[in-house]
Structures are given as structure tokens and as C-alpha cells.
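Novice: predicted coordinates and the sequence they were generated for:
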Amino acid sequence: MTYTLLFDLDDTLLDTNMDAFIPAYSKALSGALAEQVSPELMIPALMGGTRAMMANTDPSLTLREVFDAHFYPKLNADRVTLQALIDRFYEEVFPSLASLTKPMPGAVDLVEWAFAQGHRVAIATNPFFPLRAIQHRLRWAGLPPDKYPFALVSSYEAFHFTKETVAYYPEVMAQLGWPEDPVVMIGDDVEREVKPTQAAGFPVFLVRKPGDAASGIADIPQGPISSIRDWLASADPSMLCLSFQTPQALLACLRSTPAALATLTSGLGAEVWSRQPRPGERCLTEIVCLLRDVEREVILPRVRKVLAEDNPFMPGEETGHWVEERRYAEQDGRQALMDFITARKEVISLLANLGSEWSLRTRHATCGPITLQELIGFVAGQDRAHVQQVWKMIH
């Protein structure tokens with residue numbers, strides 16, 4: 001059976017002393033930019049940009065966009081010149097920090113075994129760095145990306161959420177096309193890998209090293225990296241399934257959909273947007289236009305109605321005929337995606353701060369009596385199906 005294995009990088013695959021690495025990294029970057037910006041300005045801007053990424057919950061903004069919006073205005077320097085210096089830093093200076101890290105014993109063997117078994121392997125590292133920096137760090141771990149065909153490597157250019165936000169984990173799965181196989185997150189950090197993955201409804205294995213303090217969490221599999229192979233061999237695959245049962249997990253899933261669709265469709269040519277996978281099947285533009293209109297005309301009004309009325313009735317909605325009637329194929333798919341993201345953000349804003357309202361009831365024409373939470377569960381399920389459809393279409 002194929003598994004989807006999501007590997008953390010630092011202190012899981014790569015032995016990194018963050019107490020030494022982060023100061024050295026900051027000092028090296030400030031030195032590379034010193035001819036344009038003083039360290040007294042650069043270091044606070046760097047830390048502030050990092051905090052902004054950690055706090056981001058906006059699915060319309062990549063982490064790079066969040067970071068840049070905070071970082072560059074603080075420096076009073078030409079952005080083009082600074083970016084050229086930063087690019088040069090990652091190519092020429094950043095690799096020298098390898099001496100502060102070393103491969104984690106057993107990690108390469110585990111990854112090679114996973115590939116040999118046919119498992120899907122993704123690098124689910126906290127996406128604070130540009131892709132080229134993470135690729136350097138994979139080389140330091142003995143896992144050069146030109147040798148190992150990772151299904152995904154999360155980076156700040158392509159991701160919208162960090163591990164401090166529960167939505168990071170469904171964004172990983174959405175960018176992978178929501179594969180149906182059993183999945184497990186493998187990481188060492190209780191606060192960034194265990195608690196958020198559990199909140200998102202993901203199985204997790206906690207990597208423990210000799211001398212680690214007690215995790216304080218007894219109800220999850222944990223142990224040294226060398227024990228993962230045997231654990232996977234004996235694990236019940238049915239216990240390694242995703243579960244979106246809580247409001248927090250549902251909201252994370254709703255945030256991940258527009259974020260992942262923006263990344264998956266970035267840079268696609270017009271011919272891809274208009275191409276039918278098979279005769280009679282919908283093209284990408286038609287799918288996104290339907291998502292947009294269902295969000296604006298079905299989902300958003302339903303959420304508003306449940307919140308405003310006592311046990312309202314929800315009539316059934318037949319939307320498939322909109323594709324031809326509204327001539328979606330002739331519309332601008334990229335603009336439709338932007339409009340979908342706007343509508344989804346409005347839905348999220350209505351749901352984000354709810355408490356007991358999640359149990360408000362409605363009468364659905366097809367499903368009968370359901371709660372708001374169950375209604376949003378249907379939306380999350382439709383989201384996953386649409387993302388799967390889009391992913392298959394462009395891969």
C-alpha cells in the first residue's frame with residue numbers, strides 16, 4: 001500500500017542547532033546586505049517579516065508576499081538592488097552555513113526505503129526560506145533534490161501558511177492533490193508538528209532522540225527515526241486517515257483550497273486553462289468559474305442564513321447547468337479564481353470566530369436536518385474533490 005509521508009526537515013532529517021544557526025544566518029545575511037542597509041535596520045526587519053509570516057492566515061497572500069511587504073519598507077533602500085544581493089547571498093554565502101548542521105543518523109536510509117517502497121515523500125518543512133535555501137539544506141541532510149524525487153518541498157514562494165497556522169497541513173495535502181492513501185506527518189516538534197497536525201485532523205509520528213525531554217503526549221506513536229519503518233509496517237492503514245471533524249480542521253481546509261489553487265495554477269498558459277481533459281469534460285476555466293459562483297451564490301448565502309435565522313430551510317441547488325448557460329469557457333479563469341478567493345475569504349470571516357454557533361441547525365432539502373458544522377463539512381469535502389480534479393488536470 002502507498003503512504004503519503006510528510007517529513008519535517010530540521011531535527012528530523014537534518015540535525016540543526018537552531019540556537020547557533022539562526023544567529024549565524026542573520027549575521028551572514030546582514031553582512032551580505034551591509035553595503036546597502038545597516039544591520040541595525042536589517043535584523044529587526046528580518047525578524048518582523050518572519051513574525052508576519054507566522055501570523056498570516058490570508059489565503060490570497062504567499063509567505064513571500066507577506067514577508068516582502070514587511071521587510072523592504074523598513075530598509076529605505078532600493079528593492080531591486082537588495083533582491084539581487086539576497087539572491088547572491090543564497091547562492092554564494094548561505095551554503096557556508098552547512099558546517100552548523102549535519103545529517104541526522106538514519107534519515108537517508110529511511111527516505112531511501114520510503115522511495116523504494118513506492119511511497120509518496122514530501123518535505124514538509126516550515127516554509128520560512130526560499131526554495132533554493134531549502135534545497136541547500138536538503139543537500140546538507142544528504143538528500144539532494146536532484147537525486148530524490150520529492151513530491152513537494154514547501155517554501156515561502158509557494159506557500160501561504162506556516163506551521164504556526166493549522167492551515168499549513170491541509171495546504172500541503174492540497175498542493176499534493178489530496179491523495180487518498182494513508183498519510184502521516186513525521187516530525188520532532190510538539191508545538192509545530194504534533195499539536196497543529198492533530199488540530200488539522202492528521203496522523204503524526206513524533207521523532208524522539210536520545211536525551212529528549214518527555215513529550216507530555218502519550219496517545220501518539222513516537223520513537224527514534226530508526227523505529228519508523230517497523231511502525232509503518234505494523235500500523236493499521238485505516239488509522240492513518242485524515243479526519244476533518246472539528247471546526248478548526250474545517251476552517252483550515254477551507255483556507256487551504258484557495259491557497260493551493262493559486263499555487264497549482266500559477267504560471268499556467270491560456271491553453272491549459274481552456275484544455276478539456278477528455279471530450280465533454282470541463283476545462284480548468286469552467287471548474288474555477290463554477291467554484292466561484294457556487295461560493296458566491298450558494299455557500300455564502302447559506303452560511304449567512306444559518307447565522308441569521310432559526311433553523312432555516314435550505315432548498316436544493318442544481319448548478320451543473322450554469323457551465324453552459326453562463327458560458328464559463330469564454331470567461332477569464334484567472335479572474336474567476338481571484339473572485340473565488342474573495343468570496344471564500346468572506347465565508348471564512350463569517351466562520352472564523354464562531355463558538356456554539358457551529359451547532360446551529362438547518363433543514364437541507366437533500367440531507368435533512370444538519371448543523372452548520374456538518375454543512376461546512378460538505379463544503380470541505382467538495383473542496384477536496386475539486387482540488388483533486390484540478391491537480392490531475394495539470395499533472
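Specialist: Looks like it came in fine.

Novice: so how far is residue 357 from the most centrally placed residue in the chain?
Specialist: Centroid check for the chain by CA atoms, centre = their mean gives residue 171 as the closest residue, at 2.6 Å. Using CB to CB, to the nearest Å, we find residue 171 at a distance of 26 Å from residue 357. Heads up, the C-betas are built off the backbone N, CA and C, glycines and all.

Novice: how about the helices of the stretch 101-250 of the chain, start to end?
Specialist: All helices of the stretch 101-250 of the chain, identified by DSSP state H, counting those that start in this stretch, fall at 107-116, 131-140, 168-175, 195-200, 228-234, 247-265.

Novice: can you give me the neighbour number for residue 217?
Specialist: 13 (other CB atoms under 10 Å).

Novice: quick one: pLDDT of the closest residue to residue 170 other than its chain neighbours?
Specialist: Leaving aside its chain neighbours, residue 170 sits nearest to residue 256 (3.8 Å; criterion: CB to CB, 6 or more residues apart in numbering). In this model, residue 256 is scored at 98, pLDDT.

Novice: shouldn't residue 256 be in contact with residue 174?
Specialist: Yes: with contacts counted by CB atoms under 8 Å, residue 256 reaches residue 174, the gap being 4.7 Å.

Novice: what mean pLDDT would you report for stretch 217-225?
Specialist: Stretch 217-225 comes out at a mean pLDDT of 87.

Novice: got a list of contacts for it?
Specialist: For stretch 217-225, contacts defined as CB atoms under 8 Å, 6 or more residues apart in numbering pick out 12, 104-107, 110, 190, 194, 198, 204-210, 215, 231, 235.

Novice: one step back: show me what contacts the residue nearest to residue 170?
Specialist: 59, 161, 167, 170-171, 173-174, 383.

Novice: okay but residue 24 is in contact with residue 96, surely?
Specialist: No: judged on CB under 8 Å, residue 24 makes no contact with residue 96 at a distance of 9.2 Å.

Novice: and those two? Which one has more around it.
Specialist: Per other CB under 10 Å, whichever of residue 24 and residue 96 has more neighbours is residue 24, with 14 against 10.

Novice: now do the contacts for the more buried one.
Specialist: Contacts of residue 24 (CB under 8 Å, 6+ apart): 97, 100.

Novice: please identify the helix or strand for it.
Specialist: Applying DSSP states H and E as the criterion places residue 24 in helix 18-32.

Novice: with just CA atoms, put that helix into CSV.
Specialist: Provided in CSV are the C-alpha atoms of helix 18-32 (Å, rounded to 0.1, in the frame of the first residue of the first chain):
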residue,chain,number,x,y,z
MET,A,18,18.8,26.4,15.8
ASP,A,19,20.3,28.4,18.7
ALA,A,20,23.5,28.6,16.7
PHE,A,21,22.1,28.5,13.2
ILE,A,22,19.6,31.4,13.4
PRO,A,23,22.2,34.0,14.8
ALA,A,24,24.8,32.9,12.2
TYR,A,25,22.2,33.1,9.4
SER,A,26,21.1,36.6,10.5
LYS,A,27,24.7,37.8,10.8
ALA,A,28,25.7,36.4,7.4
LEU,A,29,22.6,38.0,5.7
SER,A,30,23.2,41.3,7.3
GLY,A,31,26.8,41.2,6.2
ALA,A,32,25.8,40.5,2.6
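
Novice: now do the buried residues in it.
Specialist: 25, 29-30, 32 (16 or more other CB atoms under 10 Å).

Novice: for the closest residue to residue 380 other than its chain neighbours, give me its contacts.
Specialist: The shortest distance from residue 380 to any non-neighbouring residue, by CB to CB, 6+ apart, is to residue 253 (4.3 Å). Residues in contact with residue 253 (CB under 8 Å, 6+ apart) are 167, 170, 200, 244, 380, 383-384.

Novice: residue 249: neighbour count?
Specialist: 23.

Novice: neighbours around the residue nearest to it when sequence neighbours are not counted, how many?
Specialist: Spatially, and ignoring its direct neighbours in sequence, residue 249 is nearest to residue 201 (4.2 Å; CB to CB, 6+ apart). Look at residue 201: counted by other CB under 10 Å, it has 20 neighbours.

Novice: so residue 201 touches residue 244, yeah?
Specialist: Yes: contact criterion CB under 8 Å: residue 201 and residue 244 qualify, at 5.0 Å.

Novice: how does this protein divide up, domain by domain?
Specialist: 4-11+103-239, 16-98, 247-394 (automatic domain parsing).

Novice: quick one: distance of the second one to the chain centre.
Specialist: Using CA atoms, centre = their mean, to the nearest Å, the mean C-alpha position of domain 16-98 is found 21 Å from that of the whole chain.

Novice: where does the prediction get shaky in the protein?
Specialist: In the predicted model of the chain, residues 213-215 satisfy pLDDT under 70.

Novice: show me which helix runs longest in it.
Specialist: Assignment by DSSP state H gives helix 372-394 as the longest helix of the chain.

Novice: which parts of that one are buried?
Specialist: In helix 372-394, counting by 16+ other CB under 10 Å, buried: 372-377, 379-380, 383-384, 386-391, 393.

Novice: next up, phi/psi of the nearest residue to residue 55 once chain neighbours are set aside, please.
Specialist: Nearest residue to residue 55 in three dimensions, chain neighbours excluded: residue 164, at 7.5 Å (CB to CB, 6+ apart). With angles defined as degrees, to the nearest 10, residue 164 sits at phi -70, psi -10.

Novice: list the contacts for residue 164?
Specialist: Residue 164 makes contact with 54-55, 192, 196 under the criterion CB under 8 Å, 6+ apart.
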